[in-house]
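In: sharing a model prediction with you, sequence too.
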Number of protein chains: 2
Amino acid sequence: MSVLNVDKFQPGLSVDCVILGFHHNELKILLLKLKDLERWALPGGFVEKEEDVDKAAVRILRERTGLKNIFLQQFHLFGNVDRNEEAYADILLEKGIVDKELYDWLDQRFVTVGYYALVEYSRVEAPTPDYFSESCEWCSLSNLPNLWLDHGRILEKAHETLKRQLNYQPIGLNLLPPRFTMPELQALYETILGKTLDRRNFQRKMMGYGILIRTGERRTGGAHKSPWLYEFDEEKYRQGLADGLNAGW
Amino acid sequence: MSVLNVDKFQPGLSVDCVILGFHHNELKILLLKLKDLERWALPGGFVEKEEDVDKAAVRILRERTGLKNIFLQQFHLFGNVDRNEEAYADILLEKGIVDKELYDWLDQRFVTVGYYALVEYSRVEAPTPDYFSESCEWCSLSNLPNLWLDHGRILEKAHETLKRQLNYQPIGLNLLPPRFTMPELQALYETILGKTLDRRNFQRKMMGYGILIRTGERRTGGAHKSPWLYEFDEEKYRQGLADGLNAGW
DNA sequence: CCAAAAGTGTTCTACCTACACCCATGG
DNA sequence: CCATGGGTGTAGGTAGAACACTTTTGG
């Protein structure tokens, strides 16, 4: 038996997670530095034979971040034949990181299901690398390292999906701390959308959704007027997720 | 070798297509009547080992309908373990429709990728059943037969996706005949959305998108005022598909 | 007291909604 | 000629965009 018991996995099927956090007004993504290769990969894994694909994504997220009960959404299946072209398994075999059995497993064609998760940056205490990687770190979306295979494309697609969903779904819960200011929420939107928004219109629009509660407190210590602290009305937030915010038509 | 050479297919992976057409002001879906079972299935198939998943979907659509160059969109992967529960393969083996090799192939766990296609009803001349089905027919969405496995759920998800996409994507090309009237287009929207829309506002909104061209001609023969015939400005239509119609934010 | 950030209000416009009205056609 | 469906116009409301103004805070 290899270091990984490949028999328990569904062949040819993998899951990759785009795990996004928000820190210092920047979108961060959790990436794995592959062993003996100057490339980084999305946290991913295989699907057990008796495991739902959605459950596998949840498990992988938990294994890397320790987090549970996180908003995790499937967004696309990547199924091109040529997506596995890179000969990384050869290097792994050469270096003795994998044995022949695992090599053969890795060498097959894989299709991968992309999931994205929005997590609170500070709640991820010790990101854990997997067997194929030497470290697991937050990287800035604006300054990405060299990504493995089609992982750049997967990330791009996740980002597109996220942008579109911003139009009809609430966002921020599990991405921001439990209490946050309106400028912080706005900065999140601006970062995801890649453009600036009007402060005052943003405030009105967000309040109009009815998913925010203004707590009585303010964030003090900043160099200027202290902003109010808000929290999500989780009940209404979930309803917004389910029903959509801007129905249209 | 079986009737199907299963060796050439990627194990555990299938594609199912929700093929929608529009006829007599009703949405129709192309379904297969399974042999020796009072159940119907979505047109589907397996993915060849050297074939992109998207290409497989195109191939399956072509095999059933003869159509090419159709709007075909992946919308979800269905990956629960329990989705294959039904013991249909047992019946097929019993009746001698499949041999042991094919039986074993069918008996494995499958995850399936859902695609939906919008096609012009009248252009599908002779829908062709596959090896497992005895007929291939258009069924009315409002009066569905008993569906196999989770195909009802897959259809539902396709319909949800379609409804949402109506808010930011044009629709109608390849679903309506090349020339159509505004009431016909409206009927399509109403059918998909499951609600009535205001005639006059609909017209203004659609014209506002700039994807329609009013031809000089009218449809005569109807019992009342003859409506104008329109066609899509395919250039702008495609641009609308790519960029979205209502960007939002 | 000043600069900069945060909160609130106002105007203008565009679009959506809900209608009223006119025109064509076949029976 | 009339019932019905199709085409066009218009008034009111609502929401988004683009503003100005006030308030608070640390330095």
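Out: Ah, there it is.
In: quick one, what contacts the residue nearest to A:Ser14 when sequence neighbours are not counted?
Out: Excluding the flanking residues, the one nearest A:Ser14 by CB to CB, 6 or more residues apart in numbering or on different chains is A:Thr112, at 4.4 Å. For every residue, glycine as well, the C-beta is placed using N, CA and C. By CB atoms under 8 Å, 6 or more residues apart in numbering or on different chains, the contact list for A:Thr112 reads A:Leu13, A:Ser14, A:Val15, A:Asp16, A:Gly44, A:Leu77, A:Phe78, A:Arg83, A:Ile154.
In: which one of those residues is nearest DNA strand D?
Out: A:Ile154 (29.9 Å; CB to the nearest atom of the strand).
In: roughly how far does the closest one sit from DNA strand C?
Out: 33 Å (CB to the nearest atom of the strand, to the nearest Å).
In: same check on A:Lys95?
Out: Per CB to the nearest atom of the strand, A:Lys95 is found 50 Å from DNA strand C.
In: swap in A:Leu93?
Out: In terms of CB to the nearest atom of the strand, A:Leu93 sits 53 Å off from DNA strand C.
In: got a list of what that residue touches?
Out: Neighbour list for A:Leu93: A:Asp99, A:Lys100, A:Tyr103 [criterion: CB under 8 Å, 6+ apart].
In: mind checking which of these are buried?
Out: A:Tyr103 (16 or more other CB atoms under 10 Å in any protein chain shown).
In: and the contacts of A:Leu93 as JSON lines, adding pLDDT?
Out: Output for the contacts of A:Leu93, formatted as JSON lines (pLDDT from 0 to 100):
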{"residue": "A:Asp99", "pLDDT": "91"}
{"residue": "A:Lys100", "pLDDT": "91"}
{"residue": "A:Tyr103", "pLDDT": "92"}
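In: give me the subset of the contacts of A:Leu93 lying in helices.
Out: Residues of the contacts of A:Leu93 located in helices (DSSP state H): A:Lys100, A:Tyr103.
In: which of the contacts of A:Leu93 lies closest to DNA strand D?
Out: Once CB to the nearest atom of the strand is applied, the member of the contacts of A:Leu93 that ends up nearest DNA strand D is A:Tyr103, at 53.5 Å.
In: quick check: phi and psi at the nearest residue to the closest one once chain neighbours are set aside.
Out: In space, and not counting its chain neighbours, A:Tyr103 is closest to A:Leu93: 4.6 Å by CB to CB, 6+ apart. Backbone geometry at A:Leu93, expressed as degrees, to the nearest 10, gives phi -70, psi -40.
In: narrow the contacts of A:Thr112 to those in helices?
Out: Counting by DSSP H, the contacts of A:Thr112 place A:Ile154 in helices.
In: any chance of the contacts of A:Thr112 in TSV, plus pLDDT and neighbour count?
Out: As requested, those are exported to TSV (pLDDT from 0 to 100; neighbours: other CB atoms under 10 Å in any protein chain shown):
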residue	pLDDT	neighbour count
A:Leu13	98	23
A:Ser14	97	19
A:Val15	98	26
A:Asp16	98	24
A:Gly44	96	24
A:Leu77	98	24
A:Phe78	98	22
A:Arg83	93	18
A:Ile154	98	25
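In: count of residues packed around the closest residue to A:Ala56 other than its chain neighbours?
Out: Spatially, and ignoring its direct neighbours in sequence, A:Ala56 is nearest to A:Val47 (4.2 Å; CB to CB, 6+ apart). Counted with other CB atoms under 10 Å in any protein chain shown, residues neighbouring A:Val47 total 28.
In: still on that earlier bit, closest one to chain B out of the contacts of A:Leu93, please.
Out: Among the contacts of A:Leu93, A:Tyr103 lies closest to chain B (CB to the nearest CB), at 18.7 Å.
In: which residues touch the closest one?
Out: With CB under 8 Å, 6+ apart, A:Tyr103 has these contacts: A:Ala89, A:Leu92, A:Leu93.
In: tell me the one of these nearest DNA strand D?
Out: Closest approach between those and DNA strand D, by CB to the nearest atom of the strand: A:Ala89, at 48.9 Å.
In: closest point of chain A to DNA strand D, which residue?
Out: Closest point on chain A to DNA strand D, by CB to the nearest atom of the strand, is A:Lys225, at 3.1 Å.
In: phi and psi next, for that residue.
Out: Residue torsions, per degrees, to the nearest 10, at A:Lys225 are phi -60, psi 130.
In: mind checking the SS state of the closest residue in space to A:Ala57 that isn't next to it in sequence?
Out: Of all residues beyond its chain neighbours, the one nearest A:Ala57 is A:Tyr115 (4.3 Å), with distances taken as CB to CB, 6+ apart. Under DSSP: H, G, I helix; E, B strand; the rest coil, the three-state class of A:Tyr115 is strand.
In: for A:Tyr168, which non-adjacent residue is closest in space?
Out: A:Tyr168 sits nearest to A:Gly244 (CB to CB, 6+ apart), 4.3 Å away.
In: and that neighbour, what does it touch?
Out: With CB under 8 Å, 6+ apart, A:Gly244 has these contacts: A:Tyr168, A:Gln169, B:Arg164.
In: which of those has the weakest pLDDT?
Out: Minimum pLDDT for those is recorded at A:Tyr168 (84).
In: test my guess that that one contacts A:Asp243.
Out: No. Counting by CB atoms under 8 Å, A:Tyr168 stays clear of A:Asp243, with 9.2 Å between them.
In: next one: the one helix or strand in chain A whose mean pLDDT sits lowest to chain centre, how far?
Out: Each helix and strand of chain A was given a mean pLDDT (mean pLDDT, DSSP states H and E); the minimum falls on helix A:88-94 at a mean of 88. Distance, stretch centre to chain centre, for helix A:88-94: 27 Å (CA atoms, centre = their mean, to the nearest Å).
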